[in-house]
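Q: Here is a sequence together with a model predicted from it:
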Amino acid sequence: MDTAKEVEIQKEYMEKVRKINSGKELKYMILTMGCQLNENDSEKISGMIEKMGYTKTNDSKQADLFVFNTCCVRENAEDKLFGKLGELKKIKEKNGTIIAIGGCMMQEKHITDKIKASYPYTDILFGTHTMHKFPENLYKTIIEHKKREDIIDIDGKTYEGLPIKRENNLQASVTIMNGCNNFCSYCIVPYVRGRERSRMPKDIIKEVECLAKKGYKEIMLLGQNVNSYLRVERENNVKFEEYQGVNSFATLLYAINKIEGIERIRFISPHPKDFTTDVIEAIAKCDKICKMIHLPLQSGSTEVLRVMNRRYTKEQYLDLVEKMKNKIPNLKLSTDIIVGFPGETEEDFEDTLDVVRKVNYEQVYMFIYSRRKGTPGDKMENQIPEEIKHKRFERLKKLAESQIEVNNKEYIGKIEKVLVEGKSKTNDKMLTGRTQSNKVVIFEGNEELIGKLISIKIVSQHMWYLKGENQNA
Ligand code: 5AD
Ligand code: SF4
């Protein structure tokens, strides 16, 4: 069946559930784990649920429908899911809450087996490839009072036209591609999200145009490997329709940069091996693209990178950074690093520290290596003892934090363009916003400034945020 037809069928199910629910004032709660792609999927799940007559709550005791959108990139998400499922048992006994679990973890058989054995009161299990069928699964659960398991293992398709309930009215995430073909040896994503596939240029551009009309100012383009947007399609001669000249990531950036009303464009995550010159040039030329690029390093050791199947060396990564810094004035970088990958020696770890020192990142997201069933990394014999992993993590953290402090000091006295997001959560006399380098800035100001891009003079730094003064006041 083609995907448009499948979406139509689900819209009919949404209508059926809405009718069953009418007049009942039902509530739903959704708990999202993991990355921004998952957050964006949750906005789509919420969109469907709200069309079916539920309103959102953040109190699980009030929920008539509870949905988990799970992540399996690292082990700690599993503990969180099982802990929360235990808590929900009593709530379900009292309120009859429908419990649904979806997302990446559901593509792992050992997890669904455990849920079925230990948490049999769960009603719906759905995977990454059947998320769009949530209305049908919910309808059948309500009507048939039977548990549903709807998980398939396929390459994956792209579904357009489903409703979406956005969490924020200033910044919006737009998924441009799904899946991954890279198979980094530590990573579970290619197994649970399927093969790389890009959304069509027209669908993305129309979505961003629509967001701009609604008043959104910042767009975050999402994908596991954004800079290979449409590459698989081009290489395999898959027919796709160009729209406004878009046939690659660089051309997509130019097209989005032209959309009136959008002030800032960000994207995550690119892969260093696919960071082509045309993309670097697009970043330099497009005024709306934030000059803050996330460039996952993972390890600074060429040998560890080889075993990780990252397909670049320490030198190639540093050369790329050099080339980017030369072509993009005032470029700032952030990164992801895994410590304690199997076989990582003290020397390898020193190489990671060396790259961190040389690149001088604005932000480092650090992860302790977590064994993932089914990945090559899990089968490697030379696993690193937990104690060493933790010690290395602390050393990296110390270095990264010392760099943040030094880098923050450089902002003092400078005038930064800040997109005002709202009132500060800790002090409602203050407003909060972000610089294009994604630093949080707190300053005194009138609520009318919310949603505007204004000039702020930075006066002090406080590790996780900067304080400033409004220059337009
Ligand atoms: N263990 C630890 N960190 C991981 N990541 C991916 N898989 C693992 C793993 N098995 C990290 C990578 C990736 C980020 C999203 O999560 O650094 O870039
Ligand atoms: Fe995982 Fe590597 Fe794909 Fe990123 S590029 S999702 S780390 S396999």
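A: Received the coordinates, thanks. Ligands and ions are numbered 1, 2, ... in the order given.
Q: Around ligand 2, which positions in the chain sit nearby?
A: C180, N182, F183, C184, C187, V189, P190, Q224, N225, H271 (CB under 6 Å from any ligand atom). In short, each C-beta sits where N, CA and C put it, glycine included.
Q: go with 8 Å
A: 73, 180-184, 186-190, 193, 224-225, 269, 271, 296, 298, 309-310 (CB under 8 Å from any ligand atom).
Q: Could you give me the PyMOL selection string for whichever of the residues you listed are buried?
A: Of those, the buried ones go into a single PyMOL selection, burial set by 16 or more other CB atoms under 10 Å:
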select buried, resi 73+180+182+184+186+187+188+189+190+193+224+225+269+271+296+298+310
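Q: The residues of the chain next to ligand 2 in helices, which ones?
A: Judged by DSSP state H, helices contain the following of the residues of the chain next to ligand 2: V189, P190, R193.
Q: Can you tell me how far the residue lying closest to the first one once chain neighbours are set aside is from C286?
A: Leaving aside its sequence neighbours, V189 sits nearest to C180 (CB to CB, 6 or more residues apart in numbering; 5.1 Å). When CB to CB, to the nearest Å is the yardstick, C180 and C286 sit 25 Å from each other.
Q: Tell me, what's the model's pLDDT at the spatially most central residue of the chain?
A: The centre of the chain sits closest to Q36, judged by CA atoms, centre = their mean, with a distance of 1.8 Å. Looking at Q36, its pLDDT is 93.
Q: I'd like the distance between the residue of the stretch 1-150 of the chain found nearest ligand 2 and I283.
A: Closest approach of the stretch 1-150 of the chain to ligand 2 (CB to the nearest ligand atom) occurs at V73, with a separation of 7.9 Å. V73 sits 27 Å away from I283, going by CB to CB.
Q: E108 too?
A: 36 Å.
Q: Same question for F267.
A: For F267 relative to I283 (CB to CB), the value is 9 Å.
Q: Need the residues touching each of the two.
A: Taking CB atoms under 8 Å, 6 or more residues apart in numbering as the criterion, F267 and I283 both touch L253.
Q: Those two: which is more packed in?
A: F267 (25 against 21; other CB atoms under 10 Å).
Q: For that one, which non-adjacent residue is spatially closest?
A: Per CB to CB, 6+ apart, closest to F267 is L221, 4.0 Å.
Q: Which SSE is immediately downstream of the helix or strand containing the one you found?
A: For L221, the host element (DSSP states H and E) is strand 218-222. Using DSSP H and E, the helix or strand that directly follows strand 218-222 along the chain is helix 231-235.
Q: buried ones in that following helix?
A: Within helix 231-235, the residues scored as buried using 16+ other CB under 10 Å are R231, V232, E233.
Q: Equivalent analysis for stretch 316-335, please.
A: Buried, per 16+ other CB under 10 Å, within stretch 316-335: Y317, L318, L320, V321, M324, I328, L331, K332, L333, S334, T335.
Q: re the thing from before, for the residue nearest to the centre of the chain, give me its contacts.
A: Q36 touches S173, M220, L222, I268, counting by CB under 8 Å, 6+ apart.
Q: so the last one sits right up against L222, yeah?
A: Looking back up the chat, that one is I268. Yes: counting by CB atoms under 8 Å, L222 is a contact partner of I268 at 6.4 Å.
Q: Contacts only, for the closest residue to ligand 2 within the stretch 251-400 of the chain.
A: The minimum distance from the stretch 251-400 of the chain to ligand 2, using CB to the nearest ligand atom, falls at H271 (5.4 Å). H271 makes contact with N182, N225, N227, S228, P296, according to CB under 8 Å, 6+ apart.
Q: secondary structure class for the nearest residue to the last one once chain neighbours are set aside?
A: Same thing as P296. Residue nearest to P296 in three dimensions, not counting chain neighbours: D336, with 4.1 Å by CB to CB, 6+ apart. Here D336 is strand, with the state taken from DSSP: H, G, I helix; E, B strand; the rest coil.
Q: Verify the stated contact: the residue nearest to V189 with E196.
A: Yes: counting by CB under 8 Å, C180 touches E196, with 5.8 Å between them.
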